[in-house]
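J.: Here is my input; please provide its structure:
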Amino acid sequence: MAVHLNFHIFVDGNGKAKVTTQTVSGGTAPTARLQPGDKVTFTSDDPTTEIRFKTAQDSLPPNARAGSPFPDQLAAGKRHNVATGVSAGKVFTVRTACDFSNHFVFECGHDVSGRFSQWGTLEGDTPGGGMPGPND
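T.: Down below sits the predicted model:
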């Protein structure tokens, strides 16, 4: 049975974001590995929230790799508006396996004058999220 993992991006009133994950179905929490065919969704309490996966030109944390686990649906560096995805019922299908020790990283932000602007973070948190985790 395919895993369905949701990433929720909570944005506080000061524009600081925290990413949490929820295993919706098909696995036990926390989801430590995503396989081809697994499903991923994104939600946020802020309708302006966007994500984008890091590219090879970006600085990456330890155990992370550039790119996207679903490059045919959302290439690295391409922006995705989370609210638009939710209203359209957007579900991403994993094409490239990943786990805690070899994961992808996405940034969380919003549009400012046509450019991606990363949200701040809550005290002690690293910006963005790791896929499947942990959050970096």
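J.: if I pick S44, what's in contact with it?
T.: S44 sits next to H8, I9, F10, V11, V82, A83 when contact means CB atoms under 8 Å, 6 or more residues apart in numbering. In this view, the C-beta of every residue, glycine as well, is placed from N, C-alpha and C.
J.: switch the cut-off to 7 Å
T.: Taking CB atoms under 7 Å, 6 or more residues apart in numbering, we find S44 in contact with H8, I9, V11, V82, A83.
J.: State the distance from the closest residue to D46 other than its chain neighbours to Q118.
T.: Leaving out its chain neighbours, the residue that sits closest to D46 by CB to CB, 6 or more residues apart in numbering is V11, at 3.9 Å. Per CB to CB, to the nearest Å, V11 is found 12 Å from Q118.
J.: which one of these two has more residues nearby?
T.: V11 (20 against 16; other CB atoms under 10 Å).
J.: Could you give the bridge partners of the more buried one?
T.: A17 (DSSP bridges).
J.: tell me which element T84 is part of?
T.: Here T84, judged by DSSP states H and E, is contained in helix 82-87.
J.: Which element is encountered next along the chain beyond that helix?
T.: strand 92-93.
J.: name the helices or strands packed onto that next one?
T.: strand 39-44 (3 or more CB pairs under 7 Å, 6 or more residues apart in numbering; DSSP states H and E).
J.: Check which residues of the helix or strand containing T20 are buried.
T.: Of the helices and strands defined by DSSP H and E, T20 is found in strand 16-25. The neighbour-count check on strand 16-25 (16 or more other CB atoms under 10 Å) flags A17, K18, V19, T21 as buried.
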